[in-house]
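In: Need coordinates for the below:
(one chain, ligands or ions: 1)
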Amino acid sequence: MTDATVRAKLLGLPGSLRSNSNSLAVLRGLQDALPAGVSMDIRDLRLPLYDQDIDTPDAPAEVQAFRQAIAEADGVVIVTPEYNYGMPGVLKNALDWASRPYGKSALIGKPVLVISNSPAFTGGVRAHQQVNDTLLAIPAKLIGGAQVVIGTVGEKIRDGKLADEAVLKFALGAIDKVVAAAGK
Ligand SMILES: Cc1cc2nc3c(=O)[nH]c(=O)nc-3n(C[C@H](O)[C@H](O)[C@H](O)COP(=O)(O)O)c2cc1C
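Out: As a prediction, this is how the structure comes out:
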């Protein structure tokens, strides 16, 4: 897709750093299945630990690049696993960085879709709730309606990508809402 044919540019954020991550595989599957005119860059959340002492105009370069990527995206798609009944620290850390500067966060008013997943049938729904709460604190424009919660995710991935047609269709319906919320 050339820049001229892109109607909406999304940013995909996996809440896991491991190379064989199911969350990353979900994003890769969605990336391949996006409708014409919609693109998605996937970005790793490997950032320094949030520290208000270094959250200055000279904040670490990775943080500035992360905030810039959010600012440039029309919408954000977060795919999170669940760690100990909650969201992974990596994701909370990234959202805390993204939430600042106070009142000027690139996430304020930004359409954000949250998808959770787990090898368990519960699909990471408790992490989903925590991510929603954090986004509401900022506040991002949280995409509501039926929650995209993917249980037994391992059975739905092939060759490192989400490949389950029913889940893809359901998640793509939610991505349509992101694009609409962005006015695209
Ligand atoms: C520290 C830790 C805690 C976990 N806690 C939960 C949990 O509370 N609920 C759950 O469904 N899975 C839990 N799991 C299993 C993860 O869902 C599983 O490892 C998953 O593959 C991680 O996501 P990823 O594939 O995107 O890296 C946990 C895994 C780890 C490493």
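In: all helices for this structure, in order.
Out: 22-33, 61-72, 89-98, 125-137, 165-181 (DSSP state H).
In: okay, the ones you listed in a markdown table with mean neighbour count next?
Out: Glycine gets a C-beta too; all of them are placed from N, C-alpha and C. Output for the helices of the chain, formatted as a markdown table (neighbours: other CB atoms under 10 Å):
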| stretch | mean neighbour count |
| --- | --- |
| helix 22-33 | 22 |
| helix 61-72 | 15 |
| helix 89-98 | 21 |
| helix 125-137 | 18 |
| helix 165-181 | 16 |
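In: between these, which one is nearest to Pro81?
Out: Distance to Pro81, taken as CB to CB, is lowest for helix 22-33 among the helices of the chain, at 5.3 Å.
In: Roughly how far does the spatially most central residue of the chain sit from the ligand?
Out: Nearest to the geometric centre of the chain sits Ile78, at 1.5 Å (CA atoms, centre = their mean). Going from Ile78 to the ligand by CB to the nearest ligand atom, to the nearest Å gives 12 Å.
In: is that residue in a bridge, and if so with what?
Out: Beta-bridge pairing for Ile78 (DSSP bridges): Leu13, Val114.
In: Quick one, grab the pLDDT at it.
Out: Looking at Ile78, its pLDDT reads 99.
In: how about it, what does it touch?
Out: Taking CB atoms under 8 Å, 6 or more residues apart in numbering, we find Ile78 in contact with Leu13, Gly15, Leu91, Val112, Leu113, Val114, Ile115, Val131.
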